[in-house]
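>>> prediction below, plus the sequence it came from.
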Amino acid sequence: MSEVSVIIPLYGEHVGTFRLPVTVGAWLDQRVPVTVVIATAGALPLGDDVTARAGVRVVVAPPTETAPGLLRNIGAAQVSTPWVYLADADVAPLGTDFLARALDVAGDGAFVQPAMLRMTKAPPEHPVSRWRLVEDPDRFSYVTADPAGTLRRLPGERIVWEDGAPMVYPPPGQGHPDDAREVDLRPMFHWGSVLLRRARFDELGGYCTAYRGWGCEDDDFLVKLTGTTPVRHGWREAPSLRLVHFEHPRPYGGEPLRANRDRLTERKRAGVAAMVEADRAALLSRR
C-alpha cells in the first residue's frame, strides 16, 4: 500500500510532458511505496510509457482548469495515502532514498523547498537511480549529463543570497533574454515542492482556486502552511536531499502573472486565518 501520493499537475503543451517517463520512473523507484497521480486539464497524450506503469493514475480534469493549484487540488481529492508530495512534471528526485529521508525530516510538520540541480539539454537515458554526481554540489546548481548519467557542473553561474535564500544567475547562454531580473534570478531549490500529511492539506483548504496560469499559487500555499505548521526547508535543513529540474523556456509575465501577484498581495493582507477559511469553503464547494 502506498504511503505517499506524488501529485503532478499538467496542462497545455508544457515541455514537462516529454520528461514524464523520466520523472515518473524516478518517483516510482523510491524505497517508500508511492502512487504517482498526474492531474491533467483535458485529455493529454501522455503515452503508454507513462500511463501503463503500475503505480500511476491519471486524473482528467476539465480543460478549463489551467492552473497548477487547481489541478493539484483535483489530484489530491482522489487519494487517501497518509502523505502527499506536491510536485511538478519537470522535476525528479535524485536518489532512491529521497522520499524516505524527506519523511524523516518532515516529522510532525512539513518538508518544503529541497535543494535542486538544474539540468541543461536532454537527460541521459539511464534511470535517475543510476545518475551520479562527481562534484560536491553545495556551491553550484546548473549541471550537464553525459550518456552514462554522470552529472557535472556547468561553469559560469553566479550565486547570490536574496531574502536569506540561495539564488543563482544562469551561466552564459542559459538565461532567457526577455526575462525580467526577478525571473532570471533562479532559486537553488524547488520553490513549490511540498511534502505534508494528506489531512493537513485539506485542513488548509488546498490551493487557492482563484489563480490562473503560472505564478503565485505556490507562494500563497506556503504562506498558509508556514503560518500554521512546523515547516522544514530542505535546502537549509537537509541540503544533501536534491531534486533535478529539466530546464526549459518558460512563458513568464503577461496579464495572468500580474493579476496573480495582485491577488496574492490582497490575500496576504487579509491574514492566514482568512486565507484558510476562504480556501476551505471553496474546496468543499468543488467536491
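Good, I have the coordinates. Numbers count the residues shown, from 1 in each chain.

>>> what about the chain, any weak spots by pLDDT?
Low-confidence segments of the chain (pLDDT under 70): 1, 15, 175-183, 249-255, 287.

>>> spatially central, which residue of it would that be?
residue 87 (3.3 Å; C-alpha atoms, centre = their mean).

>>> now for that one: which residues touch it?
Going by C-beta atoms under 8 Å, 6 or more residues apart in numbering, residue 87 touches 6, 7, 8, 27, 193. All C-beta spots, glycine's among them, are computed from the backbone N, C-alpha and C.

>>> now, these that are in strands?
In this view, these that belong to strands under DSSP state E are 6, 7, 8.

>>> TSV for the residues you listed, including distance to residue 36?
Formatted as TSV, those follow (distance: C-beta to C-beta, whole Å):
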residue	distance to residue 36
6	5
7	9
8	7
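
>>> now do the phi/psi pair for the residue nearest to the centre of the chain.
phi -130, psi -170 (degrees, to the nearest 10).

>>> neighbours around residue 148, how many?
Here the number of neighbours of residue 148 (other C-beta atoms under 10 Å) works out to 11.

>>> that one and residue 134 touch, don't they?
No. Assessed by C-beta atoms under 8 Å, residue 148 is found out of contact with residue 134, at 10.8 Å.

>>> quick revisit: just the buried residues from the ones in strands among the contacts of residue 87, in ChimeraX please.
The ChimeraX selection below is limited to those of the ones in strands among the contacts of residue 87 classed as buried (16 or more other C-beta atoms under 10 Å):
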select :6,7,8
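
>>> out of the ones in strands among the contacts of residue 87, the closest to residue 246 would be?
residue 8 (13.2 Å; C-beta to C-beta).

>>> do you know how far the closest one is from residue 159?
Distance of residue 8 to residue 159, computed by C-beta to C-beta, to the nearest Å: 29 Å.
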